[in-house]
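J.: Fold the following for me, if possible:
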Amino acid sequence: MIIKRNFNPVRVIGYVRSEIVFSLLTGVVVWALYRYGISQVALPFSVAAILGSALAIFIAFRNNSAYGRWWEARTLWGGIVNSSRVLARLIITFTDSHAHQPNYDAARSVSFKKQMIYLCIAWVHALRLHLRGQEDWDALKPFVSDEDFSALRQSQHKPNFLHLLTGRKIYAAMGNGTLGGFDSFQMEGQLLALANYQGGCERIKNTPLLRQYDYFTRLFLYAFMLLLPLTLIGDFSRLGIDYLMLPVSLIISFVFAILAKVGEVNEDPFENRITDVPLSALCNTIERDLKEMLGEKNLPPAVKPENGFIY
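T.: Numbering: from 1, shown residues only. Reported below is the predicted structural model:
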């Protein structure tokens, strides 16, 4: 996610270099043809105006849709942060509430709380890796037992398997007296919320923005950049400043190209790019908060923005 307010102009131009080169070449060709007497290439400006209006509608729809996907992804991860904290609180308080019971085992309860909260942390990291298509599953090893990690490596859907492990441990704890008979109800509610957030993220990940809007936006953009010099050269030549047609055409094309690119980079929010939802920072926040709830002092360092970007 981009934090800084100002962008590097070189990097911005790099995003639309293909469009800039295309616009520059078409402008030079049109200017040269007109200068050497082929005035028939000039078109009325209304052609560019009509096409530009259609292009603006496509870009606006695509950008609104792309931002909607990005913001929904951020909202879902906000829910993951909250539900993870609530689930950790329930695990700790429900377990501690049975300290007065005759079958209470302090060491067993402490071990259970750590296992469960570490599974919560493992799940958010697994979901991050799953959404980004990364395979660094060894990053989960500190949070699960060797036996569970071996089974996890064999599963095809790691976050789902970790939720299954969590559910099994809850009901095993109810069986041995670590938890009471009704403690699972609220925990199951939070697990359901986390599963729903995961499903929402996977829906965004696996369902691309309508391809027809992507294709026709690019097609109309290049058609607009092709026709724009043809519609400007006549007016600029009559004013005796035909050489200004090139920079004006280039600036207008640059503006439309940037507008189109803004939507393109936001439509997939889980690709580990600078414009994406900062999953690493959110997972780091959850890990730090949950370990602190366990009473641990050796917390991982907080993820900070680097050069105006946070991942």
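
J.: the helices in the stretch 51-200 of the chain, which residues?
T.: Counting by DSSP state H, counting those that start in this stretch, residue ranges of the helices within the stretch 51-200 of the chain are 106-132, 146-154, 158-176, 184-206.

J.: Tabulate those (a markdown table), appending distance to P300 and mean neighbour count.
T.: Every C-beta, even on glycine, is put in place using the N, C-alpha and C of the backbone. As requested, the helices of the stretch 51-200 of the chain are arranged in a markdown table below (distance: least, CB to CB, whole Å; neighbours: other CB atoms under 10 Å):
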| stretch | distance to P300 | mean neighbour count |
| --- | --- | --- |
| helix 106-132 | 10 | 20 |
| helix 146-154 | 19 | 13 |
| helix 158-176 | 19 | 17 |
| helix 184-206 | 21 | 16 |
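
J.: Please convert those helices to a markdown table, extending it with distance to P44 and mean pLDDT.
T.: Listed next are the helices of the stretch 51-200 of the chain as a markdown table, based on distance: least, CB to CB, whole Å; pLDDT from 0 to 100:
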| stretch | distance to P44 | mean pLDDT |
| --- | --- | --- |
| helix 106-132 | 49 | 95 |
| helix 146-154 | 66 | 93 |
| helix 158-176 | 58 | 93 |
| helix 184-206 | 43 | 94 |
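
J.: Reformat those helices as JSON lines; add distance to S84.
T.: As requested, the helices of the stretch 51-200 of the chain are exported to JSON lines (distance: least, CB to CB, whole Å):
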{"stretch": "helix 106-132", "distance to S84": "5"}
{"stretch": "helix 146-154", "distance to S84": "19"}
{"stretch": "helix 158-176", "distance to S84": "12"}
{"stretch": "helix 184-206", "distance to S84": "7"}
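
J.: Of those, which is nearest I92?
T.: Of all the helices of the stretch 51-200 of the chain, helix 106-132 sits nearest to I92, with 5.7 Å by CB to CB.

J.: Quick one: closest of the helices of the stretch 51-200 of the chain to N64.
T.: Nearest of these to N64, taken as CB to CB: helix 184-206 at 15.3 Å.

J.: right, and the helix or strand after the closest one?
T.: Toward the C-terminus, helix 184-206 is succeeded by helix 211-238 as the next helix or strand (DSSP states H and E).

J.: Who are the contact partners of the residue nearest to E202 when sequence neighbours are not counted?
T.: The spatial neighbour of E202 that comes closest, neighbours along the chain excluded (CB to CB, 6 or more residues apart in numbering), is L131 at 7.5 Å. Shown here is L131, whose contacts under the criterion CB atoms under 8 Å, 6 or more residues apart in numbering are C201, E202, K205, F270, L279.

J.: shaky segments in the protein?
T.: By pLDDT under 70, the chain has no low-scoring segment.

J.: Give me the residues contacting the helix or strand harbouring P247.
T.: Per DSSP H and E: P247 is located in helix 245-266. Under the criterion CB under 8 Å, 6+ apart, residues 12, 15-16, 19-20, 23-24, 26-28, 30-31, 52, 55-56, 59, 62-63, 65-67, 69-70, 214, 217-218, 221, 224-225, 228-229, 232-233, 236-237, 273, 275 lie in contact with helix 245-266.

J.: Which positions in that helix come out as buried?
T.: Burial within helix 245-266, assessed by neighbour count using 16 or more other CB atoms under 10 Å, is assigned to 245-246, 249-250, 252-254, 256-257, 259-266.

J.: Report the next helix or strand after that helix in sequence order.
T.: Toward the C-terminal end, the helix or strand that comes next after helix 245-266 (DSSP H and E) is helix 279-293.

J.: between that following helix and helix 106-132, how many degrees?
T.: In terms of direction (axes from the mean of the first three to the mean of the last three CA atoms, to 10 degrees), helix 279-293 departs from helix 106-132 by 170 degrees.

J.: For helix 279-293, what is the distance to the chain centroid?
T.: 18 Å (CA atoms, centre = their mean, to the nearest Å).

J.: just to revisit the earlier point, looking at the helices of the stretch 51-200 of the chain, which is nearest to R288?
T.: Nearest to R288, of all these, is helix 106-132, at 9.6 Å by CB to CB.
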